[in-house]
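*Asks:* show me how the following folds:
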Amino acid sequence: MRFTRQVLLLQIGVVVLVVGLGVALVAWLLRETTAEAYGQRALAIAKSVAVDPDVIQAAAVRRQGGSMEQLVLDTTAANDALFVVITDDRGIRLAHPTAGLIGQKVSTSADEALAGNDVVSAVQLGRLGVSVRSKTPIKQGSRVVGEVSVGFDVRELTSDFNRRLLLTLAFAVFALLLGAGASALLNRRLRRVTHGLEPHELTELLYEREAVLHGIGEGVLAVDAHQRVTVRNEEAVRLLDSDLPVGADLAELDLSPRVRKAVTDGQPVDNLLAVAGNRVLVMNSRAVRRDDRALGTVLTFRDRTDLDTLSRELDGIRSLSDGLRAQRHEFANRLHTLSGLLQLGHHAEAEEYLQTLTETTSARSAPLGGDAVADPYLQALLVAKSEQGLEKGVELKLADDSFVRGSVADPVATGTVIGNLVDNALHAARLGPRRPAAVEVGLFAEGPTLHVSVVDSGPGVPLPLRDTLFDEGVSTKLTPGHGLGLALARQAARARGGDVWLAGGDAAGALFVAKLPDLLVEARS
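*Replies:* Okay, here's the model as predicted:
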């Protein structure tokens with residue numbers, strides 16, 4: 001038997017069971033409420049009789065028959081009751097619809113009513129048959145002088161109950177038919193939604209999907225036509241540094257602008273670089289359609305951080321090699337000059353020239369800024385950038401009021417922020433119109449927070465680029481492959497709770513400021 005048919009039969013069985021239990025519960029409640037209703041009605045009649053002054057006076061003196069007998073007959077007829085009985089404080093009938101029973105003791109116990117309490121909805125067998133009766137005391141002041149008992153034939157109660165039960169059964173049959181029809185429609189809908197696949201086939205599809213998603217080394221993110229996340233694997237969560245909950249709107253997630261643009265444009269994207277946290281990702285995207293219907297977009301991500309790190313190290317080695325080559329040429333030129341002075345016999349000039357070379361070399365080998373910056377990593381970074389600046393004809397200076405006594409706790413984030421800011425500043429200063437070209441770096445410690453300022457002598461930042469300068473792909477450089485440095489710097493700073501921003505970008509040069517909280521620790525001894 002197909003699973004959908006099993007579901008249909010199970011649903012119909014559940015509907016029948018629920019409706020049956022519901023009918024049984026309603027029948028019991030109807031029986032109880034009907035009996036209670038008749039009992040309350042009988043009690044109300046009994047109380048109206050018990051407060052009659054003539055009834056109170058007659059019960060007090062134990063007077064039988066007379067006007068009370070007529071009152072009992074009239075009340076019984078007016079309320080379609082089985083009986084209305086008045087007794088004295090000993091349970092002797094003072095009035096009864098059957099005159100022959102007057103003066104006899106009641107057939108059911110009147111003790112509860114004669115004790116001053118009401119008796120409601122008691123189903124008892126009396127002289128007139130089984131009835132639902134209620135009893136109430138007759139009081140003269142605080143003394144109980146008798147009681148009134150009013151009863152309705154139980155067959156009247158049963159007739160009323162059966163009439164209500166038939167209505168309930170009719171509704172139950174309608175509900176049963178409605179439930180069976182709804183189950184059939186749901187079963188049809190289930191077959192259409194699952195394309196007729198059986199549960200074991202759906203299970204196999206799920207296993208295959210999980211194997212494909214989590215068995216590859218790339219991040220996968222799929223969104224539907226309304227840009228809601230439908231599928232993602234753990235690699236995508238790790239690379240994008242976001243939870244990516246299924247069903248979340250893409251606009252509400254903290255994602256790279258390039259990722260959003262790749263989804264909204266709907267155009268294929270191949271090997272586009274994007275920044276996520278401290279990672280550089282290579283992104284590809286494809287729009288998915290079926291039968292001319294847009295189903296969404298699938299994006300894949302690969303981590304290019306390691307490759308980018310190696311590229312940076314290679315650039316550093318290349319810069320060092322270029323510096324060593326330049327120093328070799330410079331050293332050869334100086335040796336030639338010194339050799340010429342000695343050959344010409346200018347010993348005093350040769351000695352003075354050699355002294356000058358020694359002082360220059362000592363000055364260049366000294367740490368940038370002296371003792372203002374204690375951390376060796378910051379010193380090494382500044383010296384390396386200074387060498388790069390000299391090769392480009394740009395002087396790198398440390399601000400006079402710079403002062404950092406602590407040690408850097410996260411060299412990677414520090415290098416990402418300061419390195420990218422200084423690299424951009426050196427490039428801008430080299431291309432700027434002012435000479436001598438210069439870059440000034442300011443490092444200021446405020447407890448564990450490091451404040452960084454980088455100002456260059458370049459042409460500044462064009463006004464149209466200032467609002468988007470930190471987006472991926474935005475750059476003032478003309479050659480392709482740029483536009484990630486500032487985005488990486490800001491991502492690294494914000495990952496630590498800080499930020500990087502453009503403080504000034506006019507024609508006098510660009511000023512970038514960074515704040516890196518909890519970066520400095522007590523200086524190592």
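*Asks:* contact partners for D371?
*Replies:* Contacts were defined as Cβ atoms under 8 Å, 6 or more residues apart in numbering; by that measure D371 touches no other residue. In short, each C-beta sits where N, CA and C put it, glycine included.
*Asks:* measure it to S402 for me?
*Replies:* For D371, the distance to S402 equals 11 Å [Cβ to Cβ, to the nearest Å].
*Asks:* likewise E210?
*Replies:* E210 sits at a distance of 54 Å from S402 (criterion: Cβ to Cβ).
*Asks:* who's more crowded, these two?
*Replies:* Neighbours of E210 and S402, each counted by other Cβ atoms under 10 Å, are more numerous for S402; the result is 23 against 11.
*Asks:* how about the contacts made by that one?
*Replies:* Each residue near S402 by Cβ under 8 Å, 6+ apart is listed here: 369, 372-373, 441-444.
*Asks:* looking at the chain, which helix is longest?
*Replies:* For the chain, the helix that runs over the most residues, judged by DSSP state H, is helix 3-50.
*Asks:* list the buried ones in the helix or strand hosting L71?
*Replies:* Mapping L71 onto the secondary structure by DSSP states H and E places it in helix 67-78. Neighbour-count burial for helix 67-78 flags 68-69, 71-72, 75-76 (criterion: 16 or more other Cβ atoms under 10 Å).
*Asks:* can you name the next helix or strand after it?
*Replies:* Secondary structure here is assigned by DSSP H and E; on that basis, the next helix or strand after helix 67-78 toward the C-terminus is strand 83-88.
*Asks:* ok, back up a step: export the buried residues of helix 67-78 to TSV and tack on distance to D467?
*Replies:* Formatted as TSV, the entries for the buried residues of helix 67-78 read as follows, by distance: Cβ to Cβ, whole Å:
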residue	distance to D467
M68	101
E69	104
L71	98
V72	98
T75	93
T76	95
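*Asks:* closest to G103 out of those residues?
*Replies:* Lowest distance from G103 to those (Cβ to Cβ) belongs to E69, with 11.6 Å.
*Asks:* which residues does the closest one contact?
*Replies:* Neighbour list for E69: 95-96, 99, 102 [criterion: Cβ under 8 Å, 6+ apart].
*Asks:* among these, which lie within strands?
*Replies:* Here DSSP state E is the test, and the contacts of E69 give A95 as lying in strands.
*Asks:* with pLDDT and neighbour count as added columns, please give the contacts of E69 in TSV.
*Replies:* As requested, the contacts of E69 are exported to TSV (pLDDT from 0 to 100; neighbours: other Cβ atoms under 10 Å):
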residue	pLDDT	neighbour count
A95	89	28
H96	86	27
A99	80	12
I102	86	19
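*Asks:* kindly indicate whether L272 is helix, strand or coil.
*Replies:* Going by DSSP: H, G, I helix; E, B strand; the rest coil, the secondary structure assigned to L272 is strand.
*Asks:* pretty sure it is in contact with L299, am I right?
*Replies:* No - under the contact definition of Cβ atoms under 8 Å, L272 does not touch L299, with a separation of 9.9 Å.
*Asks:* which residues in the stretch 301-450 of the chain form helices?
*Replies:* Assigned by DSSP state H, counting those that start in this stretch, the stretch 301-450 of the chain shows helices spanning 305-343, 347-365, 376-392, 411-431.
*Asks:* any weak-confidence spans in the stretch 101-250 of the chain?
*Replies:* Scanning the stretch 101-250 of the chain for pLDDT under 70 picks out the ranges 122-124, 126-130.
*Asks:* quick revisit: which of the contacts of S402 sits closest to D456?
*Replies:* Distances from the contacts of S402 to D456 were compared by Cβ to Cβ; the smallest belongs to V441, at 9.9 Å.
*Asks:* so where's the stretch 401-525 of the chain shaky on pLDDT?
*Replies:* Per-residue confidence for the stretch 401-525 of the chain (pLDDT under 70) gives these ranges: 472-483, 523-525.
*Asks:* one more time with 90
*Replies:* In the prediction, the stretch 401-525 of the chain carries residues with pLDDT under 90 at positions 401-420, 423-424, 427-436, 446-447, 457-497, 501-511, 518-525.
*Asks:* what's the domain layout of the protein?
*Replies:* 3-159, 202-303, 305-364, 366-521 (automatic domain parsing).
*Asks:* so which of these gets nearest N187?
*Replies:* For the domains of the chain, the distance to N187 is smallest for domain 3-159, at 4.3 Å, taking Cβ to Cβ.
*Asks:* return the distance of the closest one from the chain's centre.
*Replies:* Centroid separation for domain 3-159 versus its chain: 61 Å, with Cα atoms, centre = their mean, to the nearest Å.
*Asks:* look up how far D471 lies from S149.
*Replies:* For S149, the distance to D471 equals 93 Å [Cβ to Cβ].
*Asks:* of the two, who's got more company?
*Replies:* Each of S149 and D471 has its neighbours counted (other Cβ under 10 Å); S149 has more, 27 against 18.
*Asks:* re earlier: which among the contacts of S402 count as buried?
*Replies:* By the neighbour-count criterion of 16+ other Cβ under 10 Å, these include these buried positions: 369, 372-373, 441-443.
*Asks:* tabulate the residues you listed (JSON lines), appending distance to L281.
*Replies:* Putting those into JSON lines (distance: Cβ to Cβ, whole Å) gives the following:
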{"residue": "G369", "distance to L281": "36"}
{"residue": "A372", "distance to L281": "38"}
{"residue": "V373", "distance to L281": "34"}
{"residue": "V441", "distance to L281": "30"}
{"residue": "G442", "distance to L281": "32"}
{"residue": "L443", "distance to L281": "31"}
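*Asks:* among these, which are located in strands?
*Replies:* The members of the buried ones among the contacts of S402 that map onto strands under DSSP E are 441-443.
*Asks:* how about those in CSV, adding distance to T449?
*Replies:* Listed next are those as CSV, based on distance: Cβ to Cβ, whole Å:
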residue, distance to T449
V441, 17
G442, 14
L443, 12
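*Asks:* of those residues, which is the nearest to F161?
*Replies:* For these, the nearest to F161 is L443 (92.5 Å; Cβ to Cβ).
*Asks:* how near is the closest one to A380?
*Replies:* 13 Å.
*Asks:* what sits opposite F512 in the beta ladder?
*Replies:* Applying DSSP bridges to F512 gives these bridge partners: V454, L502.
*Asks:* from what I can see it touches G460, true?
*Replies:* No - no contact is recorded between F512 and G460 when judged using Cβ under 8 Å, the distance being 11.7 Å.
*Asks:* compare these two (neighbour count), which wins?
*Replies:* A side-by-side neighbour count of F512 and G460, using other Cβ under 10 Å, places F512 first with 25 against 20.
*Asks:* contacting residues around that one?
*Replies:* Applying Cβ under 8 Å, 6+ apart, we find F512 in contact with 421, 424-425, 453-455, 500-503.
*Asks:* for L240, give me its contacts.
*Replies:* 219, 221, 255-256, 259, 276, 281, 301.
*Asks:* ok, G179 touching L17?
*Replies:* No - using Cβ under 8 Å, G179 is not in contact with L17, being 10.6 Å away.
*Asks:* more neighbours: the two, which one.
*Replies:* Between G179 and L17, counting by other Cβ under 10 Å, G179 is the more crowded of the two (17 against 10).
*Asks:* residue furthest from the geometric center of the chain?
*Replies:* In the chain, G345 marks the outermost C-alpha relative to the chain mean, sitting 85.3 Å out by Cα atoms, centre = their mean.
*Asks:* per-residue pLDDT of that one, please?
*Replies:* In this prediction, G345 carries a pLDDT score of 81.
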